[in-house]
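> here is my input; please provide its structure:
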Amino acid sequence: MEEKPTKTETPKAVPSMTELQKMKLIFDVAKWLIGSVALVIVTMVIDYGFRDRAAGVEEVKQYDRYVTTLIVLNKEVGPRRLLAQYFSYVLPSDKMRKCWQNYYWVVNVEYQAMVKKDSILGSKLKSFMTMKTITQEQQIEFEALDKEKHRTEKELYSEFRLPTGLK
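Coordinates of the predicted model:
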């Protein structure tokens, strides 16, 4: 006679098989979720990069016509500093804003050197003004200092104007 398996042996074998299938199913779902989420995140990062770059290109197009005249061809440090300061705060693109912040610090060094020079010229001119008598050489030196002082003041404090013909 054949021995029949007992009821206790059969139910143990069947649940272990379904439990293995459940684990496999859970593992497959987890792989699908991780893959989908990773794919979405990677797509979002790439899309953000393209959008940021497109915004940067659009920004450059918007003020490109002013930059050459206001920055490159402009020798006056005051207006260049103001423009760099403005763009370093208002641009929506982080990359472009950072570039303008770096440029601001470069121009600011020039500006501070010019302020120092202007201050020295001002104190020298003051000392000439306190003199009771001035010789011909001192008069020539005074006029040269005065001319240089006006040049530095123009460079520092000139009015910021957009180039003509650009709208």
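> need the nearest residue in space to V107, chain neighbours excluded.
Spatial nearest neighbour of V107, chain neighbours left out: R81 (4.6 Å); criterion: Cβ to Cβ, 6 or more residues apart in numbering. (Each C-beta comes from the backbone N, C-alpha and C, glycine too.)
> does the one you found lie in a helix or a strand, and which?
Here R81 is covered by helix 77-90, with elements defined by DSSP states H and E.
> with K61 instead?
When secondary structure is defined by DSSP H and E, K61 falls within helix 9-67.
> what is that helix packed up against?
Contact partners of helix 9-67 among helices and strands, from 3 or more Cβ pairs under 8 Å, 6 or more residues apart in numbering; DSSP states H and E: helix 94-129.
> so where's this protein uncertain?
For the chain, residues meeting the criterion pLDDT under 70 lie at 1-17, 62-63, 65-70, 72-73, 160-167.
> how does it look with 80?
Along the chain, segments meeting pLDDT under 80 span 1-17, 55-75, 91-93, 157-167.
> touching, the residue nearest to V107 and V106? I think so.
No: under the contact definition of Cβ atoms under 8 Å, R81 does not touch V106, with a separation of 9.7 Å.
> neighbour count for the two, which is higher?
Set side by side, R81 and V106 show more neighbours around R81, with 21 against 12, by other Cβ atoms under 10 Å.
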